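Peer 1: Sequence first, predicted model second:
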Amino acid sequence: MKTRKMLMLAIMLTVLMAGITISVFADADTNKNANKNSDKKAENNSGKNSGNGNSNGNSNNNSNSNGNSNGNSNNNSNSNGIGNGNSNGNGNGNSNSNSTNNSNSNNNGNSGNGELKTHSNNGAGNSSGQQNDKAQPGKSDKIKVGNLHKPVKNGTGSSAGVSATAPVISGMPAADQKGQKEKVKADKALADHKIKASVKHLNIYIKLVSKSKLSDSEKALLISQAEENLAWFMQMNQDVQTATMPELVHNIATDVDMHSDILESDIKRNAGLLTSDSIDQKIAAARDVSALAEQKIAAAGLDADTTLKLNRLLADYNGHIDAAAQHTEAAKANFNNITSPVDSDHYYNAGYAELQQAEKELNLAYADLKELYRILLGAR
């Protein structure tokens with residue numbers, strides 16, 4: 001009977017340790033050459049309406065906040081403007097500012113084009129073991145995911161009152177008309193590139209939120225924010241495709257460029273935090289298994305040498321779990337530091353690297369656990 005119970009436990013552990021998945025956005029630099037030609041033609045057209053990006057006091061601070069800043073944001077005006085790349089007023093995405101300053105990201109379609117990296121390996125999953133009340137390095141409270149920025153409602157695009165069907169140029173020399181047409185073409189290419197990337201990442205983000213451990217109400221809020229942004233990008237796509245007047249096309253491209261970069265940093269932050277939370281769940285389950293294994297070793301009544309070997313394996317297992325927890329905490333700290341497009345790649349990549357290390361530690365823990373139960377079952 002005892003042997004059967006031990007076999008069942010081993011099966012449970014095998015199922016438990018399967019399927020840790022890291023699914024977060026890769027470095028935006030990986031696809032920086034994807035639209036190189038169209039971006040080159042744009043020649044920083046999206047930056048010609050730049051402002052100072054500081055819109056002090058005009059942000060909408062009564063928007064929904066989930067407290068994602070962890071006490072690090074002291075800004076009272078969270079402008080969406082990114083100006084010269086130094087806007088730090090986003091407070092980790094906690095405020096949905098509607099500031100419409102026309103400061104510009106000059107990435108020309110290069111930012112936010114990262115693909116998803118997905119690494120599936122064995123790790124700790126769900127278990128029904130005893131709760132381990134011992135000190136647990138790296139253990140933290142539930143994550144707080146920030147809001148996505150709202151789309152520009154009264155920006156410089158189709159809402160600016162410029163006719164979408166006005167002629168490209170009238171009364172200009174043919175050479176000038178050709179130059180304007182080239183600018184229109186470049187702006188449309190930039191807008192198309194950014195819209196496609198944002199729509200793709202928003203859809204992936206919605207799936208990630210749906211599969212997360214957040215409450216139903218939290219999921220509904222985040223998904224509604226993503227869907228609002230999706231609708232906006234779809235409208236901008238329609239507007240830019242039908243527009244012919246250079247000023248209007250350029251203004252739409254500017255709005256799309258600016259908002260897609262801001263939204264991309266929001267998504268990277270939240271995707272990283274949600275993935276970190278899923279690993280935290282695996283770590284918590286792994287600690288339960290540790291407590292159960294400790295009980296089984298004590299109850300086995302094996303000889304001193306075997307018991308010592310088992311306890312050493314368990315200690316190694318616990319050490320790897322603790323290391324995984326510490327790497328996960330470091331990852332969350334990096335993701336929470338993402339406050340603007342300027343620093344999103346740096347902190348995202350640093351956080352992603354920490355999650356990879358956490359994944360490796362969980363795999364090492366799994367190897368120790370397999371060996372522990374191989375010896376324990378064999379000794380019985």
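Peer 2: That came in fine, so what should we check first? All values derive from a computational prediction rather than experimental measurement.

Peer 1: avg pLDDT for the host helix or strand of Q295?
Peer 2: Taking DSSP states H and E as the definition, Q295 sits inside helix 246-300. The pLDDT scores in helix 246-300 average 95.

Peer 1: Show me what that helix is packed against.
Peer 2: Judged by 3 or more C-beta pairs under 8 Å, 6 or more residues apart in numbering; DSSP states H and E, helix 246-300 is in contact with helix 2-16, strand 20-25, helix 174-210, helix 216-242, helix 304-336, helix 341-379. Just so you know, the C-beta spots here come from the backbone N, C-alpha and C atoms, and that holds for glycine as well.

Peer 1: looking at these, which is buried most?
Peer 2: strand 20-25 (a mean of 22; mean count of other C-beta atoms under 10 Å).

Peer 1: related to what we said a few turns ago, turn the helices and strands packed on helix 246-300 into TSV, including mean pLDDT and distance to N251.
Peer 2: Putting the helices and strands packed on helix 246-300 into TSV (pLDDT from 0 to 100; distance: least, C-beta to C-beta, whole Å) gives the following:
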stretch	mean pLDDT	distance to N251
helix 2-16	46	54
strand 20-25	46	28
helix 174-210	91	9
helix 216-242	95	10
helix 304-336	97	33
helix 341-379	95	20
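
Peer 1: Of these, give the one that comes closest to K282.
Peer 2: Smallest distance to K282 across the helices and strands packed on helix 246-300 (C-beta to C-beta): 5.4 Å, for strand 20-25.

Peer 1: just to revisit the earlier point, so which of the helices and strands packed on helix 246-300 gets nearest A285?
Peer 2: Closest to A285 of the helices and strands packed on helix 246-300 is helix 2-16 (C-beta to C-beta; 6.3 Å).

Peer 1: Could I have the CA atoms of stretch 296-307 written out in PDB?
Peer 2: What follows is stretch 296-307, C-alpha atoms only, in PDB (Å, rounded to 0.1, in the frame of the first residue of the first chain):
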ATOM      1  CA  LYS A 296       8.200  11.100   3.200                       C
ATOM      2  CA  ILE A 297      11.900  11.000   3.900                       C
ATOM      3  CA  ALA A 298      11.300  11.200   7.600                       C
ATOM      4  CA  ALA A 299       8.600   8.500   7.500                       C
ATOM      5  CA  ALA A 300      10.600   6.100   5.300                       C
ATOM      6  CA  GLY A 301      12.900   4.900   8.200                       C
ATOM      7  CA  LEU A 302      15.800   4.200   5.900                       C
ATOM      8  CA  ASP A 303      19.400   3.700   6.900                       C
ATOM      9  CA  ALA A 304      21.500   6.700   7.900                       C
ATOM     10  CA  ASP A 305      23.600   6.900   4.600                       C
ATOM     11  CA  THR A 306      20.500   6.800   2.400                       C
ATOM     12  CA  THR A 307      18.600   9.300   4.500                       C
END
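
Peer 1: so how far is R287 from the closest residue to L313 other than its chain neighbours?
Peer 2: The shortest distance from L313 to any non-neighbouring residue, by C-beta to C-beta, 6 or more residues apart in numbering, is to L372 (4.3 Å). Distance, L372 to R287, using C-beta to C-beta, to the nearest Å: 15 Å.

Peer 1: Please apply the same query to D322.
Peer 2: For D322 relative to R287 (C-beta to C-beta), the value is 9 Å.

Peer 1: what does I262 give?
Peer 2: 38 Å.

Peer 1: Looking at the two, which one has more neighbours?
Peer 2: Shown here are I262 and R287; by other C-beta atoms under 10 Å, I262 has more neighbours (27 against 24).

Peer 1: Setting the sequence-adjacent residues aside, check what's closest to the more buried one.
Peer 2: Nearest residue to I262, sequence neighbours excluded (C-beta to C-beta, 6+ apart): H149, at 5.2 Å.

Peer 1: Wasn't that neighbour part of a helix?
Peer 2: No. Under the criterion used here (DSSP: H, G, I helix; E, B strand; the rest coil), H149 is coil, not part of a helix.

Peer 1: Quick check, pLDDT for it.
Peer 2: On the pLDDT scale, H149 gets 86.

Peer 1: so it makes contact with H259?
Peer 2: Yes. H149 lies in contact with H259 (C-beta atoms under 8 Å); the separation is 7.3 Å.

Peer 1: Check the gap between L148 and I223 for me.
Peer 2: 10 Å.

Peer 1: Just the terminal-to-terminal distance for stretch 294-305.
Peer 2: Using C-alpha to C-alpha, to the nearest Å, one end of stretch 294-305 lies 16 Å from the other.

Peer 1: For it, buried residues please.
Peer 2: For stretch 294-305, the buried set under the neighbour-count rule, 16 or more other C-beta atoms under 10 Å, comprises E294, K296, I297, A300, L302.

Peer 1: These into TSV, with extra columns for distance to A271?
Peer 2: Formatted as TSV, the buried residues of stretch 294-305 follow (distance: C-beta to C-beta, whole Å):
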residue	distance to A271
E294	36
K296	38
I297	39
A300	44
L302	46
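
Peer 1: nearest to D345, of those?
Peer 2: For these, the nearest to D345 is E294 (42.8 Å; C-beta to C-beta).

Peer 1: ok, L372 - contacts?
Peer 2: A293, L310, L313, L314, Y317 (C-beta atoms under 8 Å, 6 or more residues apart in numbering).

Peer 1: Once you drop chain neighbours, what's closest to the fourth one?
Peer 2: Spelled out, that is L314. A293 (5.7 Å).

Peer 1: pLDDT at K144, what is it?
Peer 2: pLDDT, K144: 74.

Peer 1: hang on, it is in a helix, isn't it?
Peer 2: No. Applying three-state DSSP, one finds K144 to be coil, outside a helix.

Peer 1: Out of the buried residues of stretch 294-305, flag the one nearest to A333.
Peer 2: Among the buried residues of stretch 294-305, E294 lies closest to A333 (C-beta to C-beta), at 30.6 Å.

Peer 1: I appreciate the help and will end here.
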